[in-house]
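# Sequence and predicted structure, then a few things I'm wondering about:
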There are 2 protein chains.
Amino acid sequence: MTKKKHKNSALKVQGGIDQPSQVNPSLSGGLHKFKKANLSVDEIYDGIISNDRTMLGRAITLIESSRSEDKEIARRLINRCLPHSGNSVRLGITGVPGAGKSTFIESFGLNLIDKGHKVAVLAIDPSSTRTKGSILGDKTRMEELSTSPAAFIRPSASAGTLGGVARATREAVVLCEAAGFDIIIIETVGVGQSETAVSQIVDFFLLLMLAGGGDELQGIKRGIMEMADLVVINKADGDNVKKAELAKRQYENALHLFPALPNGWTPKVITASALYNTGIDEVWQIVEEFVQHTKENNHFEKHRNEQSLAILKESIEQGLASGFFNSQVVKPLIKKYEQEVLQAKINPYEAARLLLEKYLEEIKKS
Amino acid sequence: MTKKKHKNSALKVQGGIDQPSQVNPSLSGGLHKFKKANLSVDEIYDGIISNDRTMLGRAITLIESSRSEDKEIARRLINRCLPHSGNSVRLGITGVPGAGKSTFIESFGLNLIDKGHKVAVLAIDPSSTRTKGSILGDKTRMEELSTSPAAFIRPSASAGTLGGVARATREAVVLCEAAGFDIIIIETVGVGQSETAVSQIVDFFLLLMLAGGGDELQGIKRGIMEMADLVVINKADGDNVKKAELAKRQYENALHLFPALPNGWTPKVITASALYNTGIDEVWQIVEEFVQHTKENNHFEKHRNEQSLAILKESIEQGLASGFFNSQVVKPLIKKYEQEVLQAKINPYEAARLLLEKYLEEIKKS
């Protein structure tokens, strides 16, 4: 297989699927071939380590699969790749539809590749459907970046729960890092719950905004602004430059009202035009400054360790909750107690205690 | 018992204890007497309903108790009081030490009492110790308000976990409402995790700030600003008036950058001086406007229902997590897996799965 073929097949997958874990002719054909060849974990691993992007794409599909046989292979694959992971800068990029995310990531990604980096772009978008608005679902997006041999672009695993999507994304990061990508960009739409999940994966959070009377902000979820390490006012070109500079000062004032971050970093605001490729260099300079700053004060590693332990803790909590809320015995009782709580017939704490009692009895019987 | 006696005994409790659930000569004396009299749930209930503030104070102590016999009485008491609860406006008031919370609450509370309201002030402060800085721990605080027969002031149940303190506070709200208090103020220090817990209890969140170069904000936890329905710039008196007006405009600009609240309320910013009693009337006007606005669009009740269901869900999740993390079998394994996760030997998701397996086995055996 030549590089060209890898690219084409990757593009086909990108353009064709929004929901990789659902049945899709081109994809299931791929999986079928994958299985027919009866590739061992070793072979997939070798492919990833040698930067075979087709193999990487298929490995991510495997991770997203809900079939138990796939899960077992995925588990072993991740364990093999884990020691080769961690050597990248992980960037979260978010912004409402219209902020120009695709153009920005394309411009930014190509700039990084020019500097000799290898860039992987992943997306989290649990709300995505096949209709317009879904991120990375458009074949025409990031056309130039997606054809670069130093880039890997992967659409969102949009099927399933947010927890499942977040897990698949984090495991995809591990695989991309093992494949040698040293900059991982994780894109979200900025309107849902995804940003909290992304903040558990990335080192640096970039918020892409537009200049304007504040109306554009209506779609941004509360709390996202406070997560930003850098706010980029995009589309600062032509008639828009003055408005963008004004917006920059407004955001600077607003960020100034937030308390300092524990890592000692002061969030920055800049203007840029992805279309005219201005300010893009500065974005990377700021990321590098952040990485140097947090590596010097040990917050870079500390933050990653905290993320790992938080994921361990949350996965345990989610596992416990999932067992409880899916219990056939408890389910009808929850509805009943919810009604009684709303009617002030029972204290919610007391209702919780009674439900937990029933659940424990049930587990012991099983 | 005369009203006067009630007041004195309430004051004694306020001044004397920061940690009501710990042994304290004056308090255990009270409990002793309480038990000696062998009061039934009916008698305590009757006392509360007839607005006997001494009985109310003791009932709250009972709720905070960790003794299983007290818990059973508390449980039955809450169930009796629940149908009489809900008829108040619940206000959260937070601000860093130095923002003038005590003076503000005293001035605000007396103003409300003048209008014919009955005001209860509760506090959440899980970090409090007997040293200075603990809220409501100072006998001299809110001296005038605490002697008013239409006020009830209760120091924080500061011992125990945040979850435990939040529960005790929410149950104290139920008791205060049953006792006829129609405005419940819940005070927090604004530097901890307490505000999220409070947001699950209150209808309206007031943030008390000072004018200044932004340094005062360093102590405010990230995310609190976005919870505010009203920001009051306090100490807007004398030389400070101009600075306060400037701060008001800055906060207005900052709040403007946040997206709209689901209830359609636009957070407000005003200046006030609790010391000179200016702006205090306006605070209550804004609260009334908020209540009218959210009652008209049904968000008032919707929000309370969401709070109750959220507490039910979180209590279940906390109960499940507490069983897991306190399991003698799992405890040493958690440490082991945490280390392996940090050394990239195992995927945190996989570690969680294995730990959950062990835990379920353990429960079934027990």
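Cool, got the structure.

# How many neighbouring residues does the residue nearest to residue A:84 when sequence neighbours are not counted have?
Nearest residue to residue A:84, sequence neighbours excluded (CB to CB, 6 or more residues apart in numbering or on different chains): residue A:178, at 4.0 Å. Every C-beta, even on glycine, is put in place using the N, C-alpha and C of the backbone. Per other CB atoms under 10 Å in any protein chain shown, the neighbour tally for residue A:178 reads 24.

# what about residue A:234, distance to chain B?
16 Å (CB to the nearest CB, to the nearest Å).

# quick one: that residue and residue A:96 touch, right?
No. Residue A:234 lies out of contact with residue A:96 (CB atoms under 8 Å); the separation is 10.9 Å.

# Compare those two (neighbour count), which wins?
residue A:234 (26 against 20).

# Next, the contact list for that one, please.
Applying CB atoms under 8 Å, 6 or more residues apart in numbering or on different chains to residue A:234 gives the contacts A:95, A:99, A:100, A:104, A:208, A:209, A:210, A:272, A:273, A:274.

# and what of residue A:152?
Residue A:152 touches A:10, A:53, A:56, A:57, A:118, A:119, A:120, A:121, A:176, A:179, A:181, counting by CB under 8 Å, 6+ apart.

# Return the member of these nearest to residue B:142.
Residue B:142 lies nearest to residue A:121 out of the contacts of residue A:152, by CB to CB, at 57.0 Å.

# helices or strands up against the helix or strand encompassing the closest one?
If you go by DSSP states H and E, residue A:121 is part of strand A:119-123. Here strand A:119-123 touches helix A:101-114, strand A:151-153, helix A:162-178, strand A:183-188, going by 3 or more CB pairs under 8 Å, 6 or more residues apart in numbering or on different chains; DSSP states H and E.

# mind listing what's buried in whichever helix or strand comes after that strand?
The first helix or strand that comes after strand A:119-123 along the chain, using DSSP H and E, is helix A:143-146. Residues A:145, A:146 are the ones in helix A:143-146 that count as buried (16 or more other CB atoms under 10 Å in any protein chain shown).

# what do you get for stretch A:316-330?
Result for stretch A:316-330 [16+ other CB under 10 Å]: buried residues A:316, A:317, A:318, A:319, A:320, A:323, A:324, A:327, A:330.

# I'd like the average pLDDT over it.
Mean pLDDT, computed over stretch A:316-330, is 92.

# what's in contact with it?
A:163, A:331, A:334, A:355-356, A:358-359, A:362, B:316-317, B:320-321, B:324, B:352-353, B:355-356, B:360.

# Go again with 7 Å.
The contact list for stretch A:316-330, computed with CB atoms under 7 Å, 6 or more residues apart in numbering or on different chains, reads A:163, A:355, A:358-359, A:362, B:316-317, B:320-321, B:324, B:352, B:355-356.

# Just give me the closest of those residues to residue A:279.
Of all those, residue A:163 has the smallest distance to residue A:279: 35.5 Å, by CB to CB.

# Assign residue A:93 to helix, strand or coil.
Of the three states, residue A:93 takes strand under DSSP: H, G, I helix; E, B strand; the rest coil.
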